[in-house]
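J.: below: sequence and its predicted model.
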Amino acid sequence: MIAEETGGIRSLYFRYVIPLVLIGPLCGYLGGLLFGVKLGALVFPPDPISAGFGAGTSILIHLIGVYLISRLIDALAPSFGGEANPARAFKVAAYSATPIWLAGVFALYPPLWILGIVSLYAVYLTYRGLPVLMRTNTPRPWLYALLVSVFALVMVALAGVIPATITRINLVPKPGEASRWEHRHFRFPGYDDSKRIQKVLAQGQGVKQQLSAADRKRPPVSGDELQTLLPMSLAGGFTRTSAQSSDQKLGPVRIAKAKAVYLARKSRITLEVLDIGGASALTDNLKPNAQNDNAHGYAKLGLVDGRLTSEQYDRDAKTGSYGVVVAGRFAVKADGDHVVIGDLEKAVKSVDFERLEAMAKG
């Protein structure tokens, strides 16, 4: 049926190849923006522009690659007793690659990448399609299919590695570009602060608490007030390059936030102070203790000097975070790239805890 199809290479490109080629790169682009890109033990949200160039490069490599594969098929056909025919060779290349392009949908959710193994079905389609379309007559049809498949594998690898490299170009912020990265946060796989704290809080609390009368009477703190707690510089030569604050209300809970970015050579620290307001009841009488350590990094959660403290660090990337809950109400956290954990701890402790405790008392 395929052998009898009319239409040339151009027609097959537009009605079949291009629509399928778009699946993987577009799903990969969206998946990266939604779930982040893994770099070492950390996951970063990619720069949309770099990710877009990466997706475009992947599309281009696939479109060129399928044509180059068809040229190889056509050139090898006489060596295996077949007939050279560019149009039929392109059909083999295009239709055999269908599983590879369809498997690109798994890139929409990165953890499903292992399911991309179904794309290996393309090897079988190549093996079955070559004798029919190229009309080969050889006792070693597997060798023909093997040569074509190996070349195709190289093209697929290039279509993955080159775009991934482009996507990672702007993955980690550079000095002088702090404003571009203010919206960015990394998460430590398996060690996500918020999820871990919520889990431990749930285990320690047992019963859902309502806002107490004392919590309701506590005076709200604005983001502007919190911003005054962020120093102009940090120990280690870090200079503040930007700062911002915000206020919002979630039901009965008022939330104020202040954030500043600090740079020192190749290092970067983001220091945040968050007022969780009435939700402070969740940390009362809590005594959590959680820790996880491996060759690449560690994460731990516990009480230090009576305050709920979370700490996590990636030894390979020299990236991590350090956070403290003050007066059961204020969360102070520092995230850093190309730093040691001591830098982050000093950044957090540069915030005046006594002043925060005074604010909590009103």
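T.: Structure received.

J.: and for stretch 234-248, what's in contact with it?
T.: Contacts to stretch 234-248, defined as C-beta atoms under 8 Å, 6 or more residues apart in numbering, come from residues 176, 178-179, 182, 222-224, 226-227, 230-233, 254-265, 267, 269, 271, 343, 346-347, 350. The C-beta positions use only the backbone N, C-alpha and C, and glycine is treated the same way.

J.: what about that stretch, average pLDDT?
T.: What stretch 234-248 shows for mean pLDDT is 90.

J.: what is the distance between that stretch and the centre of its chain?
T.: 24 Å (C-alpha atoms, centre = their mean, to the nearest Å).

J.: only C-alpha atoms, please: export it in PDB.
T.: What follows is stretch 234-248, C-alpha atoms only, in PDB (Å, rounded to 0.1, in the frame of the first residue of the first chain):
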ATOM      1  CA  LEU A 234      26.000  40.000  52.800                       C
ATOM      2  CA  ALA A 235      29.100  38.500  54.200                       C
ATOM      3  CA  GLY A 236      31.500  37.100  51.600                       C
ATOM      4  CA  GLY A 237      31.300  40.100  49.300                       C
ATOM      5  CA  PHE A 238      27.700  39.700  48.200                       C
ATOM      6  CA  THR A 239      26.100  43.000  47.000                       C
ATOM      7  CA  ARG A 240      22.300  43.500  46.700                       C
ATOM      8  CA  THR A 241      21.300  44.100  43.100                       C
ATOM      9  CA  SER A 242      17.500  44.100  43.400                       C
ATOM     10  CA  ALA A 243      14.700  43.900  45.900                       C
ATOM     11  CA  GLN A 244      10.900  43.600  45.800                       C
ATOM     12  CA  SER A 245       8.000  43.100  48.200                       C
ATOM     13  CA  SER A 246       4.300  42.000  48.000                       C
ATOM     14  CA  ASP A 247       1.200  41.600  50.100                       C
ATOM     15  CA  GLN A 248      -1.700  39.300  49.600                       C
END
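
J.: buried residues, it. List them.
T.: Neighbour counts over stretch 234-248 (16 or more other C-beta atoms under 10 Å) mark L234, G236, F238, R240, T241, A243, S245, D247 as buried.

J.: about what we covered before: mind checking which of the contacts of stretch 234-248 are buried?
T.: By 16+ other C-beta under 10 Å, the contacts of stretch 234-248 give 178, 182, 223, 226-227, 230-231, 254-264, 267, 269, 271, 343, 346-347, 350 as buried.

J.: show me those residues that map onto strands.
T.: If you go by DSSP state E, these have 254-264, 267, 269, 271 in strands.

J.: of all those, which comes closest to V304?
T.: Closest approach to V304 among those (C-beta to C-beta): L271, at 18.0 Å.

J.: measure the closest one to F330 for me?
T.: 13 Å (C-beta to C-beta, to the nearest Å).

J.: ok, and the closest non-adjacent residue to V66?
T.: A93 (5.1 Å; C-beta to C-beta, 6 or more residues apart in numbering).

J.: buried stuff in stretch 86-104?
T.: In stretch 86-104, counting by 16+ other C-beta under 10 Å, buried: 87-104.

J.: between the two ends of it, how far is it?
T.: 27 Å (C-alpha to C-alpha, to the nearest Å).

J.: who's in contact with it?
T.: With C-beta under 8 Å, 6+ apart, stretch 86-104 has contacts from 2-3, 5, 8-9, 12, 16-17, 20-21, 23-25, 27-28, 62, 66-67, 69-71, 73-74, 77, 115-116, 118-122, 125-126, 129-130, 133-134, 148, 152, 156.
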